[in-house]
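*Asks:* Could you work out the structure for the sequence below:
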Amino acid sequence: MPVRVPSLPLVLVVLLPACASPSSPATEGTGDDGDASTTADGGSTSAAATSEGSTTAEVPSDAPTFYEDVLPLVAQHCQGCHEAGGIGPFDLTDYETAAALAPSIAASTAARTMPPFVASNTGDCNTFANARWLADDEIDRLAQWADAGAPMGDPATPRPEPPTPAVLQGDDILTLSSPAGYEPVADDAGPADDYQCFLVDPQVVDAARYLVGFEVVPGNPAVTHHLIGFLVDPEATAPLGGTNGSLMQSLDDASPDQPGWDCFGAAGNGVLVEGTPVTWAPGGGAFNFPAGTGIRIDPGYVLVLQMHYNLAAGSGSDQTELRLSMADTVEREAVNALDDRFLATLFNGTGVSLPPGESATVWQWEAPLREWDSRISGWEQVEVLGLLPHMHSLGRRMQVTFRHAADDTEQCGLYVDRWDFNWQQAFMYEQPIVLAPGDHVEITCEWDTTSKQSATYPGLGTSDEMCLLGVYATEAK
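*Replies:* Numbering: from 1, shown residues only. Reported below is the predicted structural model:
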């Protein structure tokens, strides 16, 4: 049976839209007055760029313009972060800002580092719901706009509205929050990052209840990068000794001058996590679980809210609100199950490590799906609704492959081709995959250890690594 590990498990969330990041400003932009003008023959427009004086570059008459062609993409894919007062470090709804960053926007979208979505969504290995994924023609449009000198277009063009956030459904909604007035302070995760955990009570007392949806309202959007809610049994024995409850109390006591505790990567060093039913990042509205499904929360269980604050984008205190939609029963109980046989080598004496100085070092493991959770063994068929990959900062790629026991065929489950620890999420299939309990799941992780001078070991800490897969599944109808 798999080892339950304190890790970042399955995340059920629609994460934020986001777009380009700054690298180099445009050297060619619009003219002194910010307008593009039509030539006498009507065949092209000209845009003037200023540095020391001005030059005039010919712009094709069919070149994309900001207000007509680029701003709609910004509204759809970027505005959740990159707007005034948002977590993004610049406002892409402002023409002057976007024009200065046009080459960076074109480069980062062409490389698919922005919008941030670490899994391939080409269709070669499935497609995913609410993917932050620009179509090829949209990427081409941004490149053409940058190549043309970032023409403005007509500012009178009606401004597009960003996607309407989903509404949290349900009649029984519980509102919780992080501590009032918490002032983020950079910790060991980085000079501008604060990972802080807070304990909240979902108030499940006499009988198990089911989480069927959630919504997060950040108190300080300028610094709130994400929220992850870990499901924890305070009475469970922690891998490092004692109970989860006593361990969390000692972590909290270690910083008496502030609420909560530092917790890069999970719910705190050594805290045993049984699931992650809540994950949110800017731009994500309410998330309602697939119809008729929900995650069981047993009496006495708590949620540990890991808040990631990015101080590069702002400062000030925060109190973030978490709204949980709860139900007494659901049609199908969802399994929110985790496994990491790489991490399990810490406990079985295998002695696995990653060698230093390697641009691509790989470790692979596999297990039948029924070993993810004992409930799966009793199902005739399993409907896999989503997967969560998890590695730490050295991770680069992960391949998940399903192997059908009946005919020994393979099916691609997930290909993470640009892992980024800062943009973790579950990937919910547009079309769920039906498997048998005995079908195997193979996970191949790849890390880049060129920055290391010594071996890297499996573990929970910042400098350790993991190769974890979370599965969100129900019994097939």
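
*Asks:* Of all the helix elements in the protein, which one is longest?
*Replies:* Among the segments of the chain that qualify as a helix by DSSP state H, the longest is helix 136-147.

*Asks:* That one packs against which elements?
*Replies:* helix 71-77, helix 102-110 (3 or more Cβ pairs under 8 Å, 6 or more residues apart in numbering; DSSP states H and E). For glycine as for every other residue, the C-beta is placed from the backbone atoms N, C-alpha and C.

*Asks:* Output these in CSV; the columns should cover mean neighbour count.
*Replies:* Output for the helices and strands packed on helix 136-147, formatted as CSV (neighbours: other Cβ atoms under 10 Å):
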stretch, mean neighbour count
helix 71-77, 22
helix 102-110, 22
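
*Asks:* now for those helices, which one comes closest to G470?
*Replies:* Using Cβ to Cβ as the criterion, the shortest distance between G470 and those is 25.7 Å, found for helix 71-77.

*Asks:* if we can go back for a sec, check the offset of the longest helix of the chain from the chain's centre.
*Replies:* For helix 136-147, the distance between its averaged C-alpha position and the chain's averaged C-alpha position is 25 Å (Cα atoms, centre = their mean, to the nearest Å).

*Asks:* Give me the buried positions along it.
*Replies:* For helix 136-147, the neighbour count (16 or more other Cβ atoms under 10 Å) marks E138, I139, R141, L142, A143, Q144, W145, A146, D147 as buried.

*Asks:* Where does pLDDT dip in the stretch 51-200 of the chain?
*Replies:* Using pLDDT under 70 as the threshold, the predicted model of the stretch 51-200 of the chain has low-confidence ranges 51-57, 188-190.

*Asks:* pLDDT (mean, whole number) over stretch 379-388?
*Replies:* Taken as a whole, stretch 379-388 carries a mean pLDDT of 93.

*Asks:* Show me the contact partners of it.
*Replies:* With Cβ atoms under 8 Å, 6 or more residues apart in numbering as the test, stretch 379-388 has contacts from 8-12, 276, 290, 293, 334, 369, 376, 400, 413-414, 424-429, 432-437, 439, 468-477.

*Asks:* roughly how far is it from the heart of the chain?
*Replies:* For stretch 379-388 - counting by Cα atoms, centre = their mean - the centre lies 21 Å from the chain centre.

*Asks:* Kindly export it (C-alpha atoms) in PDB.
*Replies:* Taking only C-alpha atoms (Å, rounded to 0.1, in the frame of the first residue of the first chain), the coordinates of stretch 379-388 have been written out as PDB:
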ATOM      1  CA  TRP A 379     -15.000  -0.300  -7.700                       C
ATOM      2  CA  GLU A 380     -15.700  -2.000 -11.000                       C
ATOM      3  CA  GLN A 381     -14.400   0.900 -13.000                       C
ATOM      4  CA  VAL A 382     -12.700   4.200 -12.000                       C
ATOM      5  CA  GLU A 383     -13.500   7.500 -13.600                       C
ATOM      6  CA  VAL A 384     -10.300   9.700 -13.300                       C
ATOM      7  CA  LEU A 385     -11.400  13.300 -13.300                       C
ATOM      8  CA  GLY A 386      -8.000  15.000 -12.700                       C
ATOM      9  CA  LEU A 387      -4.400  14.600 -11.700                       C
ATOM     10  CA  LEU A 388      -2.000  16.700  -9.700                       C
END
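
*Asks:* Please name whichever of the helices and strands packed on helix 136-147 is nearest to H226.
*Replies:* Of all those, the one in closest proximity to H226, counting by Cβ to Cβ, is helix 71-77 (17.8 Å).

*Asks:* Show residues contacting that closest one.
*Replies:* Outside of helix 71-77, the residues within contact range by Cβ under 8 Å, 6+ apart are 17-19, 82, 92-93, 98, 115, 132, 134, 138, 141-142, 157, 159-163.

*Asks:* In helices, which of those fall?
*Replies:* The subset of the contacts of helix 71-77 located in helices under the criterion DSSP H comprises A98, E138, R141, L142.

*Asks:* Greatest separation within the residues you listed: which pair is it?
*Replies:* For the ones in helices among the contacts of helix 71-77, with distances taken as Cβ to Cβ, the pair at the greatest spread is A98 and E138 (14.9 Å).

*Asks:* Now do the contacts for A84.
*Replies:* For A84, the contacting residues are D91, T93, D94, taking Cβ under 8 Å, 6+ apart as the criterion.

*Asks:* Could you save those residues as CSV and add columns showing neighbour count and distance to Y67?
*Replies:* Formatted as CSV, those follow (neighbours: other Cβ atoms under 10 Å; distance: Cβ to Cβ, whole Å):
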residue, neighbour count, distance to Y67
D91, 18, 15
T93, 19, 11
D94, 15, 12
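
*Asks:* Give me the buried positions along the helix or strand following the longest helix of the chain.
*Replies:* Secondary structure here is assigned by DSSP states H and E; on that basis, the next helix or strand after helix 136-147 toward the C-terminus is strand 173-177. Neighbour-count burial for strand 173-177, with 16+ other Cβ under 10 Å as criterion, is recorded at L174, L176.

*Asks:* Give me the residues contacting strand 173-177.
*Replies:* Taking contacts as Cβ under 8 Å, 6+ apart, the residues outside strand 173-177 that touch it are 200-203, 303, 319-326.
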